[in-house]
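>>> Build the 3D model from these lines:
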Amino acid sequence: MFREETDQLADRDIDKLSKRITRLKSLARKYKRSEVIQNALLDISNIAASAKRADDFYSGVQRNLNKLLPADNFFIALLNSNTNELNVPFFIDEKDPHPSQLFPSEKISNALYSGLTGYVFRQQQALLCDNDKFNQLIAAKEIVSRGSTCHQWLGVPIFSGGQTIGVLAVQSYNPEISYGDIELELITFISQHVSGVIERVQYQHNLETAIEHRTKELSLAYDKLKQEVNERRRAEHLQKSLFEIAELSNSNIDDTVFYTELHRVISHLLPANNCYIGLLDDSGRYLNFPFYVSQLNTDIPSIRPLADGLVEFILKHKKPILLEKSDIKALIDAKQLYAIAPQLNHTDTINQWIGVPLFIQGVVKGALTIYSFSASHTYQEKDLGLLTFVSQHIATAIERKLSAESLKQSYEQLEEKVAQRTRALAMLNQDLEKEISQRRKVEQQLVHDACHDILTGLPNRARFMERLGQAVKHVRRHGLDRFALLFIDLDRFKLINDTLGHLQGDRFLIETARRLNLCIRDNDTLARIGGDEFVILLDSIHDSNDAIEVAERILGKLSIPYQLAQQSFTSGASIGIAFSGQNNNDTSESLLKDADTAMYQAKSNGKGCYVVSDNRTRGKQAHDITLELELREALVNKSLALQYFPIMTLDSQEILAYEPRLYWQHEQLGKLKQAQLSNIAEHCNLTKELDLYLFEQLNLDYPQLVTLSGPIQLHLHVSSRHLKHKHAVRKLKNRLKQSCSKPEMIWMFFNEKAFVQDTESHINAFEMLHKLGINLGLHAYGSAHSALSSLSFLPLSGLKLDPSYISHLSHPQHQKLLTAHQLAANALDLKIFVQGVKTEVQHQQLLNLGFHQGQGLALGKSIDSKTLPQTKRESDSLYA
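Below you'll find the model as predicted:
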């Protein structure tokens, strides 16, 4: 027994020793790996200290990293802090070339940002990516596939001062080479040390580049400074010469001394032993030589007519010219010199010749010439430029000299002209006073026009807002005073313009302004701020009844018929009233807005009335704005659903078609039907978007609807706003082309009232839509009483009677009118549908009158899109 216990103790000791040996071996491997990492980091630091170029350092990093893990496919991406773009200073890969070659038509930075490198840079976290992870990132649209497909990709961000400055990445194309947490930890550890070394290498590289650049700049600056010194000395010498020329032009000396001094100045700048000046006389046909000097001591040439000598050559070409002896000979041989006057040719001994035109009063009036006989005195292009520059000042000096001579002659003539001009000015002064008076009247008229409406003569918006602002300030200073603001919108103004023309519309506005003026006091302000919008400021009222009394007076005046285009025309107005003192923060803009809101409330109440602004109207406006925003959000979130109402035969009650209508299950307001949605959309200009949403939802529901009822016709009620512009019609056509239903199965109905108001747009659009093969019709027919003749030339297939007819079926006259509509539709080969059949009695009456198709509560039940069979929606891709 004792032996067994001893054996058990020995076995336990052996197990402990085995575990200790295993742990020691593991620690030895860790120390060995740490030693390799440490050596690699030391090598990287040594490379950073010894590398002369950044490329040498990056290559060293790759070599040392390859000792620790497979890094045959390795690159470094760094952020340029100046341009905020990623670049790739080092890249090595078994399959792909450098990104600049792989994506030649795209910026490297954009390519990097869109791939895995940009993902690591944005997330600021290391990423070990295999094919599954890669596909997940692409599906999430986090990255775009870049480069060849690899087995694994490992990238870590490079940090500096808490900011990501780049990405260090390796990848494996061989499935046998895989990375794990150890490699991830190792490359992360390496990147922390590499970031500091990269900064030092980059700093060293930038420092060397800056030193080299600065050395070049200093060298260039020295050369430039040396050149500037020489140029400045030359400029000072030139400036002194120009100063002397300017003094000569202002000196009172005779011509001989003047030109001699000019020659002396020229001689200081360049050799001028042979020099002369030739000038044209006043007629421009003769040359004289006020100055001439020559080493040959020849006489000064006398005045001669223009010929074809060297001076004439300069006058002809109007530019400085430097001629060699060979050039002069070539011109003579070409008959461009001395062909007309060969006796003037004395150029045999001339070696070089310079001629510069003299511009006097902007016209070439002469030439300055220097020449040499010896090859030891040569001129260069810079001498030509210098003489050209000096010649401008010489020409100015000559011009002043000539002007001084003519000035004396002109002085006497000037005195006589002054006397004549004084007499003329006295007469002109009288005319000027008249013109000033006329201009003052024009200025007064312009000031008036800037503040008043041209048509009615009333103050305009700017003038009215100024007056309203003064009234607001007055009320703030005098708390007991009150005023009222009336916002007036005329009814039927657009109809007058459209039917009677703009001229009659203008007469209507002028007459309206006259009537409104009769309703107010002299201290009140009436203004026109828009097409048919007027505002009135009632100053110093006692209570609200004063404003209400004026509003009722205005409604009475405007209800009197107008005589326009030899016919009587009745109008009206909607008035919004706002009072001062209801809010301590009232401003001119807020009061006008309150009155405007109240006016729109009056229009909603049926026009021809007034509404006083209060907290309720302001609250309704806020509610309307909130409802508009919620509707826009509901369209985006697809929160609106469809309900399908059947159109049936009245005798057999067979379903002919379905009319889809939108509804919205609002959290607070409950179910909002199509009519309410259309009213909201009309106020916030979302009518077209609502229709397009209906098309989209209909496409989604159509496969389920076909499954339930089979292929069936659809009656779509569409807003006429789609027909106002070609772009909107084109968009509507495109949406119809994308429909799941066949064109012949679609009926598209437009409101008759909208058709009457804009017949031309409907006719043009109907022609375009009819070509698609769909059926067109008018709904609410009979509400606007369109002419039957207008239906005869339209590509219509059917009419839907206005529901108001059904409400009065018991009236004999209405029955006759319904029969007339039916006969007219049959004559024009149009199908006629009855809307609003609510009771079985109405159903039977319509059958007795001979109607065959209709819709309403008494004819079938509607289908909610939410109750349709749940099948795969094939049309989802149309609106993905």
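>>> what's the distance between Phe313 and Lys335?
12 Å (C-beta to C-beta, to the nearest Å). For every residue, glycine as well, the C-beta is placed using N, CA and C.
>>> between those two, who's got more neighbours?
Phe313 (19 against 10; other C-beta atoms under 10 Å).
>>> Export only the CA atoms of the biggest strand by length in the chain, formatted as CSV.
In the chain, taking DSSP state E as the definition, the longest strand is strand 655-666. Output of strand 655-666 as CSV, limited to C-alpha atoms (Å, rounded to 0.1, in the frame of the first residue of the first chain):
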residue,chain,number,x,y,z
ILE,A,655,-67.5,44.1,-62.4
LEU,A,656,-66.1,46.0,-65.4
ALA,A,657,-63.2,47.8,-63.8
TYR,A,658,-61.7,49.0,-60.5
GLU,A,659,-61.0,52.6,-59.5
PRO,A,660,-58.0,52.7,-57.1
ARG,A,661,-58.1,55.5,-54.5
LEU,A,662,-55.5,56.3,-51.9
TYR,A,663,-56.1,56.5,-48.2
TRP,A,664,-53.9,57.4,-45.2
GLN,A,665,-54.4,55.9,-41.7
HIS,A,666,-53.3,59.0,-39.7
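>>> Assign the spatially most central residue of the chain to helix, strand or coil.
Residue closest to the average C-alpha location in the chain (C-alpha atoms, centre = their mean): His727, at 20.2 Å. Classification of His727 using DSSP: H, G, I helix; E, B strand; the rest coil returns helix.
>>> Look up the pLDDT of it for me, please.
pLDDT for His727: 83.
>>> returning to what we had before: got the buried residues for the helix or strand following the longest strand of the chain?
Next helix or strand after strand 655-666 toward the C-terminus (DSSP states H and E): strand 670-672. The neighbour-count check on strand 670-672 (16 or more other C-beta atoms under 10 Å) flags Leu672 as buried.
>>> after strand 670-672, next one along is what?
Downstream of strand 670-672 (by DSSP H and E), the next one is helix 674-683.
>>> A helix includes Thr388, no?
Yes. Read with three-state DSSP, Thr388 is one of the residues of a helix.
>>> neighbours around it, how many?
15.
>>> how about it, what does it touch?
Pro320, Val356 (C-beta atoms under 8 Å, 6 or more residues apart in numbering).
>>> roughly how far apart are it and Gln163?
Thr388 is 60 Å from Gln163, by C-beta to C-beta.
>>> Show me the protein divided up by domain.
27-210, 251-409, 461-613, 638-879 (automatic domain parsing).
>>> Please render the ones you listed as JSON lines that adds distance to Arg423 to the earlier fields.
Below are the domains of the chain laid out as JSON lines (distance: least, C-beta to C-beta, whole Å):
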{"stretch": "domain 27-210", "distance to Arg423": "75"}
{"stretch": "domain 251-409", "distance to Arg423": "23"}
{"stretch": "domain 461-613", "distance to Arg423": "48"}
{"stretch": "domain 638-879", "distance to Arg423": "68"}
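>>> Need the phi and psi values for Leu526.
In terms of degrees, to the nearest 10, the main-chain angles of Leu526 are phi -110, psi 130.
>>> Sorry, slip of the keys, the one I care about is Val61.
phi -60, psi -40.
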